[in-house]
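Asker: Test case, fold it:
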Amino acid sequence: MTQRTVLDAPDMKRATTRIAHEIIESNKGSDDLVLLGIPRRGVPLARRLAEQIAAISVPEKVGELAGSLDITMYRDDLRSGAYRAPEPTAIPAGGIDSKTVVLVDDVLFSGRTIRAALDALSDLGRPAKVRLAVLVDRGHRDLPIRADHVGKNLPTSSSERVNVSLAEIDGEDLVAISGGRD
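Answerer: Numbering: from 1, shown residues only. Prediction:
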């Protein structure tokens, strides 16, 4: 199957830097900010954003900004056989109550992953605000969910697949499209 590269490593770096600046601007700083990555690829993206935000605003806060939010048991496709082993949820020491929580994921598609993340988040506390940051928004929503911070809007056909590779997991940074057109 052929792949077409959409973002290479420098493009991804620019996109995450822009998202980090947008998050700081919309939050009016990094106070009371928590980034929660959705496994798998949302977790390293949240860490990257936390490092960039800390470098811009408060370097000593880098360890307090990022965590992970496992949504496995909140997914609506558990009975379809798409089961994946749960991963740990790691909430930064300050918790999420009365904070601005930014959910971070690699690709926004149907919106079902984010719906599950919102359900999981509500079981952990009560944030003041919840925002969504994604590296790629490819459209095709099943649910009325919209990202607040997007690295790349990427119109695709429903038969195409967006493949995100991250150095922390896959050994390289790359976003590519594979599959055919409808």
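Asker: The helix or strand hosting Arg48 - contacts with which helices or strands?
Answerer: Using DSSP states H and E, Arg48 maps to helix 42-56. Under the contact definition 3 or more CB pairs under 8 Å, 6 or more residues apart in numbering; DSSP states H and E, helix 42-56 sits against helix 9-27, strand 33-37, helix 62-65, strand 66-68, strand 100-108, strand 129-137, helix 167-170. All C-beta spots, glycine's among them, are computed from the backbone N, C-alpha and C.
Asker: So which bits of the worst-scoring helix or strand of the chain on mean pLDDT are buried?
Answerer: Ranked by mean pLDDT, DSSP states H and E, the weakest helix or strand in the chain is helix 62-65, scoring a mean of 84. Within helix 62-65, the residues that count as buried by 16 or more other CB atoms under 10 Å are Val62, Glu64, Leu65.
Asker: any idea how far Ser26 is from the second one?
Answerer: With distances taken as CB to CB, to the nearest Å, Glu64 is found 19 Å from Ser26.
Asker: what does the last one give?
Answerer: Per CB to CB, Leu65 is found 15 Å from Ser26.
Asker: repeat for the first one
Answerer: Taking CB to CB as the criterion, Val62 is separated from Ser26 by 19 Å.
Asker: dump the residue contacts of the residue nearest to Lys13 when sequence neighbours are not counted.
Answerer: Nearest residue to Lys13, sequence neighbours excluded (CB to CB, 6 or more residues apart in numbering): Asp173, at 7.6 Å. Asp173 is in contact with Asp8, Ala9, Met12, Lys13, Ser165, Leu166, Ala167, counting by CB atoms under 8 Å, 6 or more residues apart in numbering.
Asker: With respect to Ile91, which of those residues is nearest?
Answerer: In terms of CB to CB, no member of those lies closer to Ile91 than Leu166, at 21.9 Å.
Asker: who touches the closest one in this structure?
Answerer: Applying CB under 8 Å, 6+ apart, we find Leu166 in contact with Arg41, Pro44, Leu45, Asp106, Asp173.
Asker: Asn163 too?
Answerer: Taking CB under 8 Å, 6+ apart, we find Asn163 in contact with Gln3, Leu174, Val175, Ala176, Ile177, Ser178.
Asker: partner strands of the one helix or strand it maps to, parallel or antiparallel?
Answerer: Element membership for Asn163 (DSSP H and E) is strand 161-165. Sheet pairing for strand 161-165, assigned by DSSP bridges, gives strand 174-178 (antiparallel).
Asker: Would you mark the buried spots in the partner strand?
Answerer: Across strand 174-178, burial judged by 16+ other CB under 10 Å covers Leu174, Val175, Ala176, Ile177.
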